[in-house]
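S.K.: structure of the sequence below:
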Amino acid sequence: MKITRRHMLIGAAGTGVVAGGVAVQKFSWDRKSFLRGDYVEGAPQAPPGEASWMNWSGIERSTPQQIAFPDSVEALAQTITRAKGRIRPVGSGHSFTGLATTEDTLVMLNGLSGLISHDAATGEARFGAGTPLFAVSEALAGHGRALDNQPDIDSQTLAGAFATATHGTGNSSPALHDNLSAFQFVTADGQVRDVSRASDPELFEAGKVSLGALGVMTAFTLRSVPAYRLKRVVTVEDSGTFLKRLEETAAAHRNFEFYYFPHTGLVASIVHDITEDAVTEDHATDDDEFLQGLLTLRNELGWAPWLRRMIARSEFPRGVVEERVNESRVLLSTTRPTRFIEMEYHLPRDQGPEMVARVMRKLDQRGEIFFPMEYRHIAPDTAWLSPFNGGPRASIAIHAAANERYDYFFTDFEPMYRKAGGRPHWGKLHSLGHAELTELYPDFERFRALRADLDPEGRFLNAHLAKLFGVNFDA
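M.R.: Residues are numbered from 1 along each chain as shown. Okay, the predicted model is just below:
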């Protein structure tokens, strides 16, 4: 959707808008600034002798004393035992929270990457913890295998994805960590631990979603499935019509999600189903083009909500806008070149439809919002800190441009999620601390105790984790 100033003028003229009647509103809107006062482009300037790091969105920034790049488990163990101060591991930096931030030692896992082994009989594969998801999928494809599901972004490392309970979507599809059968990590005292459900069932359930708080992961063994092909169908339609059959649509397809485009009354549903059809030519929709169109509408017509909605609805296509067949690894994940900031909460599944309708109305009440909202379903699992432990969940994610204000995430939306018993995505923005998390997670105190036992000096803590676990933190 390409929205130009010419579209604006034609739309305004066609509805009888006269300059005198809207001049004050437009002038006031044009004077608004949506930028964050604390936004800085690029990584921070490090003092002499220190390093510089920021996460993908730019919201988390630090200047650690050193960034270590161990290329073996032995080198990692040495790094941990010799490091002064705190230690935090980091993958691709795609989390929006302060999980990785440290001013002491930041450990990059790039050197612990790649396929280590593959068992043709069981389909299990062992990978280095720093392997990006797209590389995992490519390596498995070489053996005729695939992940049974993938998230919509595949640049995360395995360590980061598992640590934060990264997930895809589908009524019967659990988060990625449910595919784990074993893992290896290095503890605060440099010990190398190999863990499976059989060897240590409690540590196994705790370590599947660890927040990087138990130690530094080095390798994972995970299940795979025979490679499969999917048919992808994207449909744009009125939100009211779609919401009436939301549950029916989700139940009818292997993978299901939808996006709501604020101030348009339109949604785009995306479904995937296994197929034997031949791979089709790549005629994917341009997500960034749609996003740019929504931004232009916000900037040019935020002062006139009715006109903003009218032009959006006249410019958006309707019906099936994309139909493709390809391998699962190609269709389930997409590239996100536009940087953003995100809050995502996981609600009890039965509250999903009502809550998402409320969120959509709230989005429409704020004129500055233009980023689409995302809705997904996730099946339950048993990891102690999994947001999906205890029952199926509906996930609602809202976004803002990386350089724009997002304070309304916490004032307008998070209270609704919390009242409904929502659990935040560990890698997305939230304000929860120890007291709230203990109420939400039956095993939170067990995890807290295990963390303290493995790392009694808190070497893997930072300010963000200290808040989550309710412990004193002296930087």
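S.K.: isn't residue 375 right up against residue 258?
M.R.: Yes - here residue 375 reaches residue 258: they are 5.3 Å apart, a contact under Cβ atoms under 8 Å. In this view, the C-beta of every residue, glycine as well, is placed from N, C-alpha and C.
S.K.: run through the bridge partners of residue 424.
M.R.: residue 345 (DSSP bridges).
S.K.: contact partners for it?
M.R.: With contact taken as Cβ atoms under 8 Å, 6 or more residues apart in numbering, residue 424 is in contact with 343, 344, 345, 346, 387, 417, 430, 432.
S.K.: let's see it at 6 Å
M.R.: By Cβ atoms under 6 Å, 6 or more residues apart in numbering, residue 424 lies in contact with 345, 430, 432.
S.K.: from those residues, which would you call buried?
M.R.: When neighbours are counted using 16 or more other Cβ atoms under 10 Å, these contain these buried positions: 345, 430, 432.
S.K.: ok, now how distant is the residue nearest to the second one when sequence neighbours are not counted from residue 165?
M.R.: In other words, residue 430. The shortest distance from residue 430 to any residue other than its chain neighbours is 3.5 Å, reached at residue 424 (Cβ to Cβ, 6 or more residues apart in numbering). When distance is defined by Cβ to Cβ, to the nearest Å, residue 424 is 10 Å away from residue 165.
S.K.: what do you get for residue 417?
M.R.: Going from residue 417 to residue 165 by Cβ to Cβ gives 16 Å.
S.K.: could you do residue 159 as well?
M.R.: Remark: distance between residue 159 and residue 165 (Cβ to Cβ) = 13 Å.
S.K.: now do the end-to-end distance for stretch 119-126.
M.R.: Distance across stretch 119-126, first residue to last, is 9 Å (Cα to Cα, to the nearest Å).
S.K.: ok now that stretch, how far from the chain's centre?
M.R.: 28 Å (Cα atoms, centre = their mean, to the nearest Å).
S.K.: contacts made by it with the rest, please.
M.R.: Residues from elsewhere that reach stretch 119-126, judged by Cβ under 6 Å, 6+ apart: 116, 117, 118, 145, 219, 221, 223, 224.
S.K.: which SS class is the nearest residue to residue 302 once chain neighbours are set aside?
M.R.: In space, not counting the residues next to it along the chain, residue 302 is nearest to residue 367; the distance is 4.5 Å by Cβ to Cβ, 6+ apart. For residue 367, the secondary structure call by DSSP: H, G, I helix; E, B strand; the rest coil comes out as coil.
S.K.: just checking, residue 367 touches residue 301?
M.R.: No - in this structure residue 367 lies outside contact range of residue 301 using Cβ atoms under 6 Å: 9.5 Å.
S.K.: which of the two has more neighbours?
M.R.: residue 301 (25 against 18; other Cβ atoms under 10 Å).
S.K.: look up how far residue 376 lies from the residue lying closest to the more buried one once chain neighbours are set aside.
M.R.: Computed as Cβ to Cβ, 6+ apart, the closest residue to residue 301 that is not its neighbour in sequence is residue 308, at 3.9 Å. Using Cβ to Cβ, one gets 27 Å for the distance from residue 308 to residue 376.
S.K.: likewise residue 245?
M.R.: 17 Å.
S.K.: A helix includes residue 183, no?
M.R.: No - per three-state DSSP, residue 183 lies outside any helix segment and is strand.
S.K.: and for the residue nearest to residue 301, the neighbour number?
M.R.: Neighbours of residue 308 (other Cβ under 10 Å): 24.
S.K.: my guess is it meets residue 265, correct?
M.R.: No - the pair residue 308 / residue 265 is not scored as a contact, 11.0 Å apart, by Cβ under 6 Å.
S.K.: my read is that residue 320 contacts residue 234, right?
M.R.: No - under the criterion of Cβ under 6 Å, residue 320 makes no contact with residue 234, lying 7.0 Å away.
S.K.: which strands and helices sit next to the host helix or strand of residue 361?
M.R.: Mapping residue 361 onto the secondary structure by DSSP states H and E places it in helix 352-365. Secondary structure elements in contact with helix 352-365, counted by 3 or more Cβ pairs under 6 Å, 6 or more residues apart in numbering; DSSP states H and E, are strand 393-401.
S.K.: right, and the helix or strand after the strand it packs on?
M.R.: The element immediately downstream of strand 393-401 (helix or strand, assigned by DSSP H and E) is helix 408.
S.K.: chain center to that following helix, what's the gap?
M.R.: On the basis of Cα atoms, centre = their mean, the separation between the geometric centre of helix 408 and that of its chain is 19 Å.
S.K.: re earlier: who's more crowded, residue 417 and residue 165?
M.R.: Here residue 417 and residue 165 are compared on neighbour count by other Cβ under 10 Å; more neighbours surround residue 165, at 28 against 22.
S.K.: how many other residues sit next to the residue lying closest to that one once chain neighbours are set aside?
M.R.: Setting aside the residues directly before and after it, residue 165 is nearest to residue 209 in space (Cβ to Cβ, 6+ apart), at 4.7 Å. The number of residues packed near residue 209 is 25, by other Cβ under 10 Å.
S.K.: give the contact list for the spatially closest residue to residue 409 that is not a sequence neighbour.
M.R.: Computed as Cβ to Cβ, 6+ apart, the closest residue to residue 409 that is not its neighbour in sequence is residue 343, at 4.4 Å. Residue 343 is in contact with 398, 409, 428, 429, counting by Cβ under 6 Å, 6+ apart.
S.K.: tell me how many other residues surround the second one.
M.R.: Counted with other Cβ under 10 Å, the neighbours of residue 409 add up to 19.
S.K.: surely residue 89 touches residue 212?
M.R.: Yes - A contact is recorded between residue 89 and residue 212 when judged using Cβ under 6 Å, the distance being 5.1 Å.
S.K.: more neighbours, these two?
M.R.: When residue 89 and residue 212 are compared for neighbours, residue 89 comes out ahead with 30 against 26, by other Cβ under 10 Å.
S.K.: beta partners for the more buried one?
M.R.: Applying DSSP bridges to residue 89 gives these bridge partners: residue 107.
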